[in-house]
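Novice: okay, structure incoming, though there's no sequence with it:
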Ligand code: CP
Ligand code: NVA
């Protein structure tokens, strides 16, 4: 019974027990691939409705200081499918919203739960929480990073493309997006060639590009980035917290839309990713998002399976 073996193997699975995931490169490439292998197994079990209670009696606190649909539902349902339980803490409904320090919150939550997931603004706030918490902390999105999205993105790319080493991934649009930072790091870790097309001022963080040295090129034009690409990826032009900059961003990024004309230059079997929520008519067109090359819906589903694998590996 493979599902029973999984449950028995869990303690110490992959050597990740007790670890945080604040950035995707908190994992080594081997750990990342092992996690994706487990996510594939968990997806198959879930599709067969075979129980896999790897976290019986464990709890996850989910702290949200920004809105969410996918992250909230996939973590909460994922914990239930693993036999555990999730607690949702919205900023406005908790003492965090009244100014209780994040470190105090981390220390207290650690007395109740076995892991903490947080979505917030400044990345430093997640680091402060992780410092104070005695249980693993997972970054559910900050202004700079979205590692859980990168897990699901690589999972769907493996499903669609097979071996990823040497494949070409084109990012088109806001290169400073949290999703871009995590995905370009993850793609470089598994040996993909990444090309980013972003207008001046929207290039990815120089430290992120440097850390992925040799795997990432930043170019000015979307057509050059997409030429021959196996995967084409974009994200919203106005991320959460950037609403005041919306008009300027829409103007600056107008030439960076992922549409059918742009995709004519991609590899014939290319796949299009979008983390969602999408803004059709802005960063992507509706025909592409809902078209045959779009893997956005599988990508969203894979948040569930990839995060279950992560939780199964890090929770003690
Ligand atoms: N992709 C993603 O993180 O979606 P939510 O904002 O709905 O969680
Ligand atoms: N870059 C987007 C991702 C949403 C999942 C944002 O931060 O709003």
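Specialist: Received the coordinates, thanks. It should be emphasised that the depicted structure is a prediction, and the values quoted were computed from it without experimental measurement. Ligands and ions are numbered 1, 2, ... in the order given.
Novice: is it true that residue 81 touches residue 46?
Specialist: Yes: between residue 81 and residue 46 there is a contact under CB atoms under 8 Å: 6.4 Å. All C-beta spots, glycine's among them, are computed from the backbone N, C-alpha and C.
Novice: hey, what's in contact with both of those two?
Specialist: Counting by CB atoms under 8 Å, 6 or more residues apart in numbering, the contacts common to residue 81 and residue 46 are 52, 304.
Novice: so where's the stretch 101-250 of the chain uncertain?
Specialist: For the stretch 101-250 of the chain, no stretch has pLDDT under 70.
Novice: tell me which parts of the chain are close to ligand 2?
Specialist: Residues of the chain lying near ligand 2 by CB under 6 Å from any ligand atom: 141, 177-179, 235-236, 239-240, 275.
Novice: let's have those in JSON lines, adding secondary structure.
Specialist: Shown next, in JSON lines, are the residues of the chain next to ligand 2 (DSSP: H, G, I helix; E, B strand; the rest coil):
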{"residue": "141", "secondary structure": "coil"}
{"residue": "177", "secondary structure": "coil"}
{"residue": "178", "secondary structure": "helix"}
{"residue": "179", "secondary structure": "helix"}
{"residue": "235", "secondary structure": "coil"}
{"residue": "236", "secondary structure": "coil"}
{"residue": "239", "secondary structure": "coil"}
{"residue": "240", "secondary structure": "coil"}
{"residue": "275", "secondary structure": "coil"}
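Novice: could you dump those residues to CSV with neighbour count and distance to ligand 1?
Specialist: Listed next are the residues of the chain next to ligand 2 as CSV, based on neighbours: other CB atoms under 10 Å; distance: CB to the nearest ligand atom, whole Å:
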residue, neighbour count, distance to ligand 1
141, 28, 6
177, 26, 11
178, 23, 9
179, 25, 7
235, 28, 9
236, 22, 10
239, 19, 10
240, 16, 8
275, 27, 4
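Novice: list the contacts of stretch 256-273.
Specialist: 153, 156-157, 160-161, 168, 170, 172-173, 197-199, 222-223, 226-234, 274, 282-285, 287-289, 291, 293-296, 299.
Novice: change it to 7 Å
Specialist: Contacts with stretch 256-273, where a contact means CB atoms under 7 Å, 6 or more residues apart in numbering, come from 153, 156-157, 160-161, 172-173, 197, 199, 222-223, 226-234, 283-285, 287-288, 293-296, 299.
Novice: quote the end-to-end distance of it.
Specialist: Terminal residues of stretch 256-273 are spaced 15 Å apart (CA to CA, to the nearest Å).
Novice: was I right about residue 79 contacting residue 60?
Specialist: Yes: using CB atoms under 7 Å, residue 79 is in contact with residue 60, at 5.0 Å.
Novice: mind listing the shared neighbours of these two?
Specialist: Between them, residue 79 and residue 60 share the contacting residues 86, 311, judged by CB under 7 Å, 6+ apart.
Novice: re earlier: just the buried ones from the contacts of stretch 256-273, in ChimeraX syntax?
Specialist: This is how ChimeraX selects the buried members of the contacts of stretch 256-273, with burial counted by 16 or more other CB atoms under 10 Å:
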select :153,156,157,160,161,172,173,197,199,222,226,229,230,231,232,233,234,283,284,285,288,293,294,295,296,299
